[in-house]
Every structure is written in structure tokens, then in C-alpha cells.
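Student: I'd like to go over a predicted model; first the sequence, then the structure.
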Amino acid sequence: RGLTFLFFPSLRHDDLKEMLDSNKDSSKLEAMKRIVAMIARGKNASDLFPAVVKNVACKNIEVKKLVYVYLVRYAEEQQDLALLSISTFQRGLKDPNQLIRASALRVLSSIRVTIIVPIMMLAIKEAASDMSPYVRKTAAHAIPKLYSLDPEQKDQLIEVIEKLLADKTTLVAGSVVMAFEEVCPERIDLIHKNYRKLCNLLIDVEEWGQVVIINMLTRYARTQFLNPNINDDEEEEKEKKSEAAALAKRKPYVMDPDHRLLLRNTKPLLQSRNAAVVMAVAQLYFHLAPKAEVGVIAKALVRLLRSHSEVQYVVLQNVATMTIKRRGMFEPYLKSFYIRSTDPTQIKVLKLEVLTNLANETNISTILREFQTYIKSMDKDFVAATIQAIGRCATNIGEVRDTCLNGLVQLLSNRDELVVAESVVVIKKLLQMQPEKHSDIIKHMAKLTDNIQVPMARASILWLIGEYCEHVPKIAPDVLRKMAKSFTNEEDIVKLQIINLAAKLYLTNSKQTKLLTQYVLNLAKYDQNYDIRDRARFIRQLIVPTEKCGALSKYAKKLFLALKPAPVLESPFKDRDHFQLGSLSHLLNAKAGGYQELPDWPEAAPDPSVRNVEVKESVRAVGTLRHKLLSKKTSLFTCGFLESDSASGSESGSGSEESGSGSESEESEEGSESEEEEEEEEGEEKDQKKKKNKEIKKPNSSEEEERKNERKRRQRKNDSESESEEEEDESESESSQSESEDSDSEAEVKKKKVKVMNTISPSSATKSYELLHRITGEGLSVEYCFSRQPFSPDANMVAVQIEFTNNTTNDTKNLHMEDVKLQSGMRVKEFPEIELLPAGETTTAVMGIDFCDSTQAANFQLCTHSRKFFVSIQPPVGELMRPVFLTENEFKKEQGQLMGMNEITEKLMLDVKCRNEHAIVQRVITAANLSRVPCGSDKECRFSGRTVTSSSLVLVTVASKEEGTAQLMVNCEKMVIGTMLVKDILLALTQ
């Protein structure tokens, strides 16, 4: 059978083809799993394309997903067969499952045939308006593919990019900015309106997207803001001499608030575990921040030096460039750049470069002691680099020049020829600075010509003797004699220096060296290398007087014995900062394909008003409700959580795009203006409604104000007793009001009281989310919260309390759920149907959802007697657990069993307002439904809980340290839950 496969490779996958042609979905699924596994191992499965593509219309979702995975891989190779199924892909774009819609678009954009460009363009435009953020993200990924296939579509693609840039979900942000960078990076005007939104979303975007956005915002900031270091000392000195008047007229620098917003929102990302994100923030600070603030990146970059050697290499390349201009910020971390014996050679050389750049009068003795140790290394390339570093230190710091020179001279007696050779080359450069003081060293080096065989070292010695032959008049001719003997056996570089030495000695001491010089020139005249032959002819004509000699021979001495400037030993990284740090071009020190130059700072500040976002009429109404919702939050959420809450709300709130965008908080700069306009607009609405129905409106408006005040009071109080009392007061006020109205009957009042009694009183730490906005819901607004109380019908379900408000003048009837769409394993216990919700009234209901310990959304239709609304509830990870009480010993025992892969540890800097035990406990319990565990230490706070569905244990430890630093440790049986929980608690404690 094995031989059959060798001679008939087409028979190799016959069993898979049979399974794919089977009528059973289980067989097809098994076949697809095996095929995808083959692809993952790098095996070629292209001959199965016809068999796989037939199953693209399969009704089984799991099979269809895997078919699309296969097609994405091979659609470009098998274009003709893929084109035959294009109608199926187009149907897939309308599939109710978001993963299928996204996969269909991905396959469609992978077919690289110009004939389907219009179809691709239509598909991208439709996907850009899709309800699912995942599909919109896929549309953003498809844009560069279409652009590379047909650049003429650029204008239409820019329209799609502009639309997607306005998207307020974090999932889409990184992908659309990448498309922007690929298609139209010059269209900075598209970023203006979205600048603040991108800055605020940055912390929640995926790591890949964070890198792309930060690099784009770096270029944007260089075109829109003034240089914060414009008043540096160096520039001031220059301008005092040349432009004193202009300097007097210049206004003092004031940083643009948007510039500050960018710096403030990127700073927390220096704590990211992704090295690329940290490097991106570091380059942003280096290129954009004031000098006084750049120092914050040093600690983060030093932390990356504990990573893999590849990461170390890139980081050290950038640090080496930074240390040339901003040496001071890395000086406290000098020891972090000491070289370990296990470091690869390229890492050692880069660390040497950094140490040399950091050397100054105070630390040079420490650095030279380190260098002495490095010279004993077995790595010869590293030793050579160390000797060069010593030479650079001697050049830059005059006080240690003699010490370095003496140390290098001692190395001349080293047994290793490479060490000696490198020392000779460096000594030659140092001697050029003060040759008259060091004639003894020149004599010592002249004696080395018998032993050293490395061509560069021999050439350096000969050049030194020739250049300073007047300091060694007795030794120089003898060296020439020895070199003339071995001339024919020397390397070309040595031969050229022998000719130069002969010429210089002929001009200064012709009596002793005339015959030797002619002998050397005759040997060179017939050398195989034409450079040496040409040099010999040129020098003979120049120095040996003949009848035909030209005018130049008079100036032979000036030509050969002219004073030469001492060489400047500079860092190879000196001029690299004109490339953007962290880029491939900076790494290679050459412009790479696709590299975009970092723009120069503008001389005058561009108009900052271009970044102001106009508030549309519909958005104002949304902002009014959002303002009301935010006013209910406790002070805990007003200090930095609003952006993150609203961003998550937009993803988990309503399924429709309108309600999603409505839940996003407005920019802080426009807050006060929009509030005034909203209040005026509300006033106008009330006036109109009063005219239509005065009798109904008056009690409703007073009731609404009263209810608003009740909610505020309830949210501020933590006592559960006071909450229950206020609920009773509210129900009494509602019942008394309903009695005064003719339209309400006693039966309805009783019904209302029953509903209030059945609801769960929410915990003080809960947050409210918007499920349906009143504009989208045509007057019906719905909010929900996770009450953190046990759901009595099913203990494995999370209790979700829903509050319905009828903002219209008509009654709403038959409120119920339909068409529930859940991920596999999830369950829902629907709330009982609400038969009647009178105009202006509010009621609550409780439903249960089993999320299966995942943050997948529960999608369903909220129905009234006349309309249906698509909505979704998506839980934060902290709401997927219930508190469990453990003693300190039980906690430690369980923690000991959840080590290794089940333990996640992060270091953090606590927020200024969160540096006491009470604040830490409050914020952790707000972020996650956990119980406090007793602890003997004041510096540690411990929490415990279990996931609602699987009862997996979750343990959290926050250990406070000095100066506001802390360590967060999460031990959880489910690693995914643990990872997401760490992110949420980090956010709660640092903002």
C-alpha cells in the first residue's frame, strides 16, 4: 500500500474524498478536521479542492466553517474552481451566522481575479454596514487585498475606510487603521474626527491593532502638534546668536490638549506583556514627548531585556539609538546592560554599544573594569568589539585616554593574534590625537611586525611608522628593510602601506632609504594587482626627480606629510534616528519597502478645531439618555471608567448599530455644550407634548423626576436595608399616583406591586447597561444589570434584571422574548410576558442566562404587540462567577494546587486614589463578583469565587508594595477566564 502511494499520489486522499462525498455530516466533519490538520502541519492538500468546495453549501455550521478555512488557504491557487462556487460565497454573505458571513468574505477576497472586483467591492460595502463587529473587522481586512488587486478602486475604498473609521467598537479599530495605512496613509484628514475616539479606545484594542494605531498616531501627531522640545537649551543658544528678536517674539510653548491625551492614553500600555506594544509606545514617547517625560519608557524597555534574544536584539538596537540623544534616562539602569556569558554575540555587541554610549566621567571606571573582564572571553568577535569600545571611551573622555592607551598596549603582549591586531588598529587611532607624547609606544609597535600576521594590524603599524617617522628616525628605515624582503608575500593592503612608507622615508631620509625605495617601487611595478602597479607609477613620478617630472613633484612633501586630522570614533547608531524607531528601516539602517518617513514638526500649530466632532440631532437625544444613565453611577466609575464602560456597552448592548453607537460616551470636551443643548431640546419636546395632552403629561413629568431622584439615592447607598425601604417608598408613590389618575385601575396597581416584589434587589457594586435605546426602540427604552443574586429556578444561570421604561404616550403591550440565538451549550430562562406597560411607566423583570463560562453574547428578539427589536446581552467576565467564602488556610491550599499554567501574575502601578485597602477591595469587587478572604497581612487582599456554570475555582490576590506598586495574581482552573479577569482587574486598579 505504501508503494502504491509513491507511484499513484492521486490515490493518497481517496478515503478523505469518500468521507467528503458521504451523506453523513459526522463523516464530513471528521474529514475536514483531518484536512485542516494536514494544512497546519504544512502538508499539501490542494488536490482535495474539488471535493471540499462541493461542501461549501453544507447546512452543518461546523463543516461549513472548516470548509471556509480550507478555501481561504487554497482559493488563490485554484481560482478557476473557486469561481464556480462564487454564488455560494455570495449566499454565505447573507448567512445569519456572523462567522460564516466573515468567512465567505475572506474567501471571496482571496480569489485574486480582476473579473470579480465589482462583486468584492459590493461585498465589502455590505460587510462594512454589518451588525456584527467581527464581520466589519473582516471587511477592513479585505480592503488592502482588493486595493492590491485593483488600485483603481482606491476612491471607493477610501469611502468604506472613512465609514469604518467612525466605528466605535474596539474589534474594528485596529483593522481599519491598518487598511488606512495600506491604502491612503496620506489622507490625514480622515483621522481628524476620529482622533480622540482612537486615543480613548486604544487601551481596549487587541495588541496587534494597538501597534498599528500607535504608529499611525505618531505620524499624525508629528503633522498636527508643535514640537514640545522647541525651547531646548541648544536651540536657544543658536537662536540667541542669530535670531534674538524672533526668540523674544515667540510665545511660550503650551501643549495641545489632544497631544496630552495621546501621551496619557498610551502610557499605561508600557505595562503590556506584548513587546511590540511596549516598543511602539516607547518610540511614540521618544518622537513626541517632552524631554522631561521621555524617561518613563526606560524602565519598560529594560524589562523587555529579560525576553527572548530576538526581542532583546530589536530593543537594544533602539536603546542604542536613544542613548546617543537621551543618555540620562538609561544611566540608572547601567547594570541591566552588563553582558552575560550566555548572551549571543550580536546581543553582546549591542550591549557594548549601549555601555559605551552611557560612559561618562562618573561611571567610566566601573565600565572599564567590566571591559577588562570581557577581554578574557573566548568569543573573539566580542573581544574585538570590546577593544573598539575601549578606544571610543578613550576618545570621548579625555581623563581616561592615557589609562586606556596603557591598557591596550598591555594587550599587545596577548597570545591571541586577533586581540593584538584589534588593539593595534585602535591604538593607531588614539595615537593620532597626541603622537609626540607616545613615541615609545610607536617603537614598541614597530617590533611587533615580526610576529603579527593579521593584514589590517600590519598595515596600521606601517602607517603609524610612516606618518610619525620623524619621532622614530632610527627604527623606520630598518622596518622598511624588513618589509622589502617580504613584499611579494604580503597582502595587498600591506603592500600599499609599504609603498607609502617608502615614499615618506625617501622624502625625509633619502640617504638611507633611496635604494630601498627604488627596490620596493620596482617590485610593485610588476605586481599582479593593478592598484599597486598604478600607485607605484604615480609615486615614482611624484618623488623621484627626472627631466620630465611635472609641477606636482615640488609639492610631494606637502602631499605625503600633511597634518591629518585625528579620526573621530563615532557610534554606528549616530544617524539612525532619522528613521522611525521600531521600524524595519531603523533595524536595517536602510529604507525598506513601504516605509513612511516620519514628518517634521510644523512651524505653526495647525487648527485644533478640525478634531471637534459635530453633535447631530439624533445623537444629542442619545447623549441625553446616556448622561442620565451616567449620573446614576457611583463616584467610583467617574474617575476613568466611563470610556471603558461605554466602549464595552457599545459592544454588548444592542445588536443594532444605532443603539451600539448610542451607548458610546461623548467626548469630554463637548460634554458641557451638548448638555445645555439637550436640556433645551427636552424642554421643547415637553412643551409640544403638553399641548397635545396636558392631563397625562403633568403627573408623568413629576413622576419621572421623582423616579430619577430615587434611582440616584439608591445607587449612592450601599446598605441593602435602605435600598429595600426606598423601593417600598417608590412603589407607594407609584400606587398613590396611579390612584389619582383616572386611567389606572386598582387591579393594575396590584399587578405593579407584585412585579416590584418579584424583582431581585441588585448589589451595590452592579453597573447598568443599555439593551435598547429609546430612539431605536421607538419610545421603549430597556436597561439591564447583573444583579449578582442567585437565580432561584436554576443555580447554573446568571440572574439578569431588566428594566423597561415606556417613554411614549401610548401603552405598550405583550412584552416578551422570541427567536433566541445562543452559542452551543448556552441556555436562557425567559422572563414572564409583561401584558401591559402604561405610558410613562417603568417595570422590571428577571431572566436567567447560562453563559457556559464564556463572554459570548446571548442574542434574541425583544417583542411588543406591534414591533420586534434585535438585542443582545454580553456579560463582563467578572459577572460569570459567584462569591465563595474560604478561610486563609483553605485559600492557600487551593492556590497551591492552581500553579503553573493556571496562575497569571502581573505587576501594576496603583491609581493614586486606590492605594489603601478599602479602595482596592471596592474596585476588585466592582470588577468581579468575588468574596473577600480573611488575610493576616495588611499588604495583601485576597478574594475567592467560583464560575457559575462549571464551579471552577477563581482566586485573586492583590499584594501592595512600595510607592504605589502592586502585584496581581489570579489562579483559575480555566485559563481563558483567568486571562480576561486579569485584564479587567488591572483596568479597575490602574485607572
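Tutor: Received, thanks.

Student: so where is this structure shaky, pLDDT-wise?
Tutor: Scanning the chain for pLDDT under 70 picks out the ranges 1-12, 232-251, 435-438, 545-552, 566-567, 615-765.

Student: mind giving me the domain split of it?
Tutor: As given by the TED database, the domain ranges for the chain are 13-228, 768-875, 880-990.

Student: Kindly present the ones you listed as a markdown table, with separate columns for mean neighbour count and distance to S341.
Tutor: In this view, the C-beta of every residue, glycine as well, is placed from N, C-alpha and C. Putting the domains of the chain into a markdown table (neighbours: other C-beta atoms under 10 Å; distance: least, C-beta to C-beta, whole Å) gives the following:
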| stretch | mean neighbour count | distance to S341 |
| --- | --- | --- |
| domain 13-228 | 18 | 33 |
| domain 768-875 | 18 | 46 |
| domain 880-990 | 17 | 28 |
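
Student: can you list those domains in a markdown table and add distance to M378?
Tutor: Shown next, in a markdown table, are the domains of the chain (distance: least, C-beta to C-beta, whole Å):
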| stretch | distance to M378 |
| --- | --- |
| domain 13-228 | 38 |
| domain 768-875 | 54 |
| domain 880-990 | 37 |
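
Student: List the contacts of the closest residue in space to Q596 that isn't next to it in sequence.
Tutor: Closest residue to Q596 in three dimensions, ignoring its sequence neighbours and counting by C-beta to C-beta, 6 or more residues apart in numbering: P185, at 5.8 Å. Residues near P185 by C-beta atoms under 8 Å, 6 or more residues apart in numbering: 216, 219, 596.

Student: Three-state assignment for the second one, please.
Tutor: The one in question is R219. Per DSSP: H, G, I helix; E, B strand; the rest coil, the local secondary structure of R219 is helix.

Student: surely it meets W601?
Tutor: No: if you go by C-beta atoms under 8 Å, R219 and W601 don't touch, sitting 11.9 Å apart.

Student: Now the common contact residues for those two.
Tutor: Joint contacts of R219 and W601 (C-beta under 8 Å, 6+ apart) do not exist.

Student: ok, back up a step: show me which of the contacts of P185 is closest to A446.
Tutor: Closest approach to A446 among those (C-beta to C-beta): Q596, at 54.4 Å.

Student: follow-up on the earlier one: of all the domains of the chain, which one is nearest P290?
Tutor: Closest approach to P290 among these is made by domain 13-228 (4.1 Å; C-beta to C-beta).

Student: K429 is nearest to which of the domains of the chain?
Tutor: Closest approach to K429 among the domains of the chain (C-beta to C-beta): domain 13-228, 36.7 Å.

Student: Do me a favour and get the end-to-end distance for the closest one?
Tutor: Domain 13-228 has an end-to-end distance of 65 Å (C-alpha to C-alpha, to the nearest Å).

Student: I'd like the numbering to begin with 37 instead of 1 from here.
Tutor: Renumbered: residue one is now 37, and that last one reads domain 49-264.

Student: And it, how far out from the chain middle?
Tutor: Chain-centre distance of domain 49-264: 21 Å, with C-alpha atoms, centre = their mean, to the nearest Å.

Student: Helix, strand, or coil at R494?
Tutor: Here R494 is helix, with the state taken from three-state DSSP.

Student: again but with F921, I slipped
Tutor: Secondary structure, three-state DSSP: F921 is coil.

Student: Okay, and the beta partners of the spatially closest residue to it that is not a sequence neighbour?
Tutor: The shortest distance from F921 to any non-neighbouring residue, by C-beta to C-beta, 6+ apart, is to S967 (5.4 Å). Residues in a beta bridge with S967, per DSSP bridges, are S980.

Student: I'd like the distance from S967 to D225, if you could.
Tutor: For S967, the distance to D225 equals 52 Å [C-beta to C-beta, to the nearest Å].

Student: try R255
Tutor: In terms of C-beta to C-beta, R255 sits 14 Å off from D225.

Student: again, but for D57
Tutor: To D225, D57 is 55 Å away according to C-beta to C-beta.

Student: repeat for V969
Tutor: V969 is 54 Å from D225, by C-beta to C-beta.

Student: and what of V882?
Tutor: Taken as C-beta to C-beta, the span from V882 to D225 is 49 Å.

Student: give the contact list for L84.
Tutor: L84 sits next to 49, 52-53, 56, 71, 106 when contact means C-beta under 8 Å, 6+ apart.

Student: Following the chain onward from the helix or strand harbouring D855, which element is next?
Tutor: Element membership for D855, per DSSP states H and E: strand 848-857. Per DSSP H and E, the first helix or strand lying C-terminal to strand 848-857 is strand 863-865.

Student: and that following strand, what other elements does it pack with?
Tutor: Secondary-structure packing of strand 863-865 (3 or more C-beta pairs under 8 Å, 6 or more residues apart in numbering; DSSP states H and E): strand 878-886.

Student: chain center to the strand it packs on: distance?
Tutor: With C-alpha atoms, centre = their mean, you get 39 Å for strand 878-886.

Student: So in that sheet, which strands flank that strand, and in what orientation?
Tutor: With DSSP bridges as the test, strand 878-886 is paired with strand 834-842 (antiparallel), strand 863-865 (antiparallel).

Student: Name the residues that touch the shortest one?
Tutor: When contacts are taken as C-beta under 8 Å, 6+ apart, the neighbours of strand 863-865 outside the stretch itself are 827, 829-830, 833, 853, 856, 858, 883-886, 894, 896.

Student: rerun at 6 Å
Tutor: 829, 856, 884-886 (C-beta atoms under 6 Å, 6 or more residues apart in numbering).
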